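> Need coordinates for the below:
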Amino acid sequence: MTVVTDVKGVGEALKKALAANGFKTAEAIAKASPADLVKVPRVGESRAAVLIEAAKAAIAATPPAGKTGRRKAPARKPAAQKPTAAKPAARKPATRKAAPRKTVAAVAAEKRAEEAARKAAEEQAAAEKAAAAAKKKAKAKAKAEKASKKRKEMEAVFSKAKDKVKAKSKKDKKSKKDDKKKDAKKGEKKSDKKKNRKKGKKKAKK
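Got it, this is the predicted structure:
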């Protein structure tokens, strides 16, 4: 079967118009009469005759499907028969030979890397230990300073309280002395009054 678009002068628009009227292949157009094609929009009598001839030419120019299939089939067989497993087989020995070289060459490098890693780990551990010791020492120093500061503060508070107690005791002693003096003065005054009373009584008797 020949496609309608293979016919000379048939585009997409005309293809749709022909298909709508039942002309879906070039063979259908070639068998049709000009009167049948005139029913298709935009197709006149003269164009109908041209389309019929063009359809016949397109059918003649199209090669049979069976012949082309037989010619193409042998061309595909060599592509399918090409062995792809041969190349990997050739590569396998190469990789096996390279493996021992790689191992021998890497032994020294691996030992150096291990030694360097061990030294780096030891240095890091020593640095961490020193840092921890310094941190601990600084913490202990700060703690001691804090305790000393607190002790001084407590001593200052205690000394202040002691001074306050001393000052109060002095004040109390002074007030007691003053009270004694007052009491003594009062006693003297009372004794003077008694003496005066006695003198007065004696004078009254005389």
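> what residues are up against Glu27?
Applying C-beta atoms under 8 Å, 6 or more residues apart in numbering, we find Glu27 in contact with Met1, Thr2, Ala55, Ile59. C-beta coordinates here come from the backbone N, C-alpha and C atoms, glycine included.
> By neighbour count, which of the residues you listed wins?
Ala55 (27 neighbours; other C-beta atoms under 10 Å).
> What residues does that residue make contact with?
Thr2, Val7, Ala26, Glu27, Ile29, Ala30.
> ok, now with 7 Å
Val7, Ala26, Ile29, Ala30 (C-beta atoms under 7 Å, 6 or more residues apart in numbering).
> which one of the contacts of Glu27 is nearest Ala127?
Taking C-beta to C-beta as the measure, Met1 is the one of these closest to Ala127, at 86.8 Å.
> pLDDT score for the closest one?
As predicted, Met1 sits at a pLDDT of 75.
> Chain neighbours aside, what residue packs nearest to it?
Nearest residue to Met1, sequence neighbours excluded (C-beta to C-beta, 6 or more residues apart in numbering): Thr25, at 5.1 Å.
> out of all of them, which helix in the chain is the longest?
Using DSSP state H, we find that the single longest helix of the chain is helix 86-205.
> which secondary element of the protein has the worst mean pLDDT?
helix 65-81 (a mean of 48; mean pLDDT, DSSP states H and E).
> how many other residues sit next to Lys198?
10.
> meant to ask about Val40, not that
So Val40, with other C-beta under 10 Å, has 21 neighbours.
> quick one: it is in a strand?
No: looking at Val40 with DSSP: H, G, I helix; E, B strand; the rest coil, it is coil, so not inside a strand.
> Can you tell me how far it is from Gly22?
Distance of Val40 to Gly22, given as C-beta to C-beta, to the nearest Å: 9 Å.
> show me what contacts the residue nearest to Ala61 when sequence neighbours are not counted?
Of all residues beyond its chain neighbours, the one nearest Ala61 is Asp6 (7.9 Å), with distances taken as C-beta to C-beta, 6+ apart. By C-beta under 7 Å, 6+ apart, the contact list for Asp6 reads Ala26, Ala58, Thr62.
> out of these, which are inside helices?
Per DSSP H, the contacts of Asp6 map to helices at Ala26, Ala58.
> In the contacts of Asp6, which residue is surrounded by the most others?
Ala26 (25 neighbours).
> Correct me if wrong: that residue contacts Val4.
Yes: here Ala26 reaches Val4: they are 6.1 Å apart, a contact under C-beta atoms under 7 Å.
> now the most centrally placed residue in the chain: how far from Ala131?
The chain has Gln124 as the residue nearest its centroid, 28.4 Å off, counting by C-alpha atoms, centre = their mean. For Gln124, the distance to Ala131 equals 10 Å [C-beta to C-beta].
> before we move on, back to that, which pair in the contacts of Ala55 spans the largest distance?
So, the contacts of Ala55 by C-beta to C-beta: farthest apart are Val7 and Ala30, at 8.8 Å.
> And the two? Which one has more around it.
Shown here are Val7 and Ala30; by other C-beta under 10 Å, Val7 has more neighbours (26 against 20).
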